[in-house]
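Student: Just a sequence and a predicted model for now, questions to come.
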Amino acid sequence: MNLTKIKTLYFFPFFIFIYCSCQDMSESKEEQISLSDEYAEATDTNSSVPATNAPNELMQANLTNVIITGWARYKLIPIYKHTTTGEKDITNFKRSYFIKNYTAENYISRHFMPGIDLLNGYNLINIAHYDMNTQKSILFFKNNVLVKNLYYPSFTQDSIDNKPVNRDYYLVSVYDSDTNKDTVINKKDLRTLYHFDLPATKSTRLIPEGFSVVRSQYDRKSDVMYVFAREDKNRNGQIDNEEPISIFGIDLKNPMPAFKVF
């Protein structure tokens, strides 16, 4: 092997590392909501999309697709932050945990949690809810937020132990407040979890204040979603690795404020 090839092989991983680091830094910088003068409050929770009293960032947002839910009457519209660093293919940042299993006898459909599809947010700052009967749209959140995950009724029929399951609600994991007071909403803030009813007119906080969602686990036997959350013990508005993790349970048959498991 000649010297030129050796140098190429030696430096190539270094360039890859630098490139990936720059990508991570740019994405981290983008995925935040400013609390500057541009962040104007929308006074009407049921504002249409677009609406004159919606936040400025929302007026310049990217609208890429309509989400078809398991209920023909209701559609969801993800609203992504408009970035100035160049347009990204938003579809690269959303995915469903829908799994298709083909067997010799039949075709089985399963989801991350039965009856629930998942949209992962990336620069996702709000969600619009459209009612086909009334032909009106409302926003899930009055102000811009940073949505981490949106769980919604699955389009394809699902079941638990061969019994059909149809969800009639939405769950949203979200950074919705500047808890650490650094003038932006980003992943350094506390993340919570909300339940929205099917018409998206009523929301309920499922995780106690002072906790930040870390991850979740599904218990198929009990149809329960376990949520692992760190407690902000020192009340600095952000999560530190040494802070304790608690486990909460959410009954997916009838989501209510979570019960503490541990």
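Tutor: Yep, that arrived.
Student: Now do the helices in the protein.
Tutor: 3-30, 56-59 (DSSP state H).
Student: Would you single out the least confident of those helices?
Tutor: The minimum mean pLDDT among the helices of the chain belongs to helix 3-30 (a mean of 41).
Student: Quick check: the gap between S159 and P208.
Tutor: Counting by CB to CB, to the nearest Å, the gap from S159 to P208 is 32 Å. All C-beta atoms are positioned from the backbone trio N, CA, C, and that covers glycine.
Student: Then T69?
Tutor: Using CB to CB, we find T69 at a distance of 28 Å from P208.
Student: between these two, who's got more neighbours?
Tutor: Residue environment comparison for T69 versus P208 gives the larger neighbour count to T69, 19 against 14, counting by other CB atoms under 10 Å.
Student: I'd assumed Y151 was in contact with that one.
Tutor: No - the pair T69 and Y151 does not pass the contact test of CB atoms under 8 Å, sitting 10.9 Å apart.
Student: Need the overlap of contacts for these two.
Tutor: Taking CB atoms under 8 Å, 6 or more residues apart in numbering as the contact rule, the neighbours common to T69 and Y151 are D117.
Student: what's the burial count for I125?
Tutor: When counting by other CB under 10 Å, one arrives at 25 neighbours for I125.
Student: For beta bridges, what are the partners of I127?
Tutor: Here I127 shows beta-bridge partners P78, assigned using DSSP bridges.
Student: Now do the contacts for it.
Tutor: Listed by CB under 8 Å, 6+ apart, the contact partners of I127 are L76, I77, P78, I79, L139, F140, F141, V147, L150, V172.
Student: Switch the residues you listed over to TSV; also include distance to L63.
Tutor: As requested, the contacts of I127 are exported to TSV (distance: CB to CB, whole Å):
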residue	distance to L63
L76	12
I77	6
P78	8
I79	6
L139	13
F140	15
F141	16
V147	15
L150	15
V172	18
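Student: mind listing which of those residues are in strands?
Tutor: By the criterion of DSSP state E, membership of these in strands covers L76, I77, P78, I79, L139, V147, L150, V172.
Student: surely the fifth one meets N126?
Tutor: The one in question is L139. Yes - at 5.6 Å, L139 and N126 qualify as touching, with contact defined as CB under 8 Å.
Student: and the closest residue to I116 other than its chain neighbours, how many neighbours?
Tutor: Ranked by CB to CB, 6 or more residues apart in numbering and with sequence neighbours excluded, the top spatial neighbour of I116 is Y151, at 4.9 Å. If you count neighbours by other CB under 10 Å, Y151 ends up with 27.
Student: which regions of the stretch 1-150 of the chain lie under the pLDDT threshold?
Tutor: Low-confidence regions of the stretch 1-150 of the chain, defined here as pLDDT under 70, cover residues 1-30, 35-60, 83-110.
Student: Let's see that with 90 instead.
Tutor: For the stretch 1-150 of the chain, the stretches with pLDDT under 90 are 1-64, 81-112, 121-123.
Student: circling back: which of the contacts of I127 sits closest to A258?
Tutor: V172 (14.3 Å; CB to CB).
Student: so that closest one touches A200, yeah?
Tutor: No - look at V172 against A200 with CB under 8 Å: they stay out of range, at 10.0 Å.
Student: Next, show the common contact partners of the two.
Tutor: Both V172 and A200 are in contact with F140, where contact means CB under 8 Å, 6+ apart.
Student: With neighbour numbers in mind, choose between the two.
Tutor: Neighbour comparison, V172 and A200: the larger count goes to V172, with 26 against 23 (by other CB under 10 Å).
Student: So what pairs up with the more buried one in the strands?
Tutor: For V172, the beta-bridge assignment (DSSP bridges) gives partners L150, Y194.
Student: Identify the residues contacting it.
Tutor: Going by CB under 8 Å, 6+ apart, the list of residues near V172 reads I127, F140, V147, N149, L150, Y151, L193, Y194, F196.
Student: how close does the fourth one get to S159?
Tutor: It refers to N149. 23 Å.
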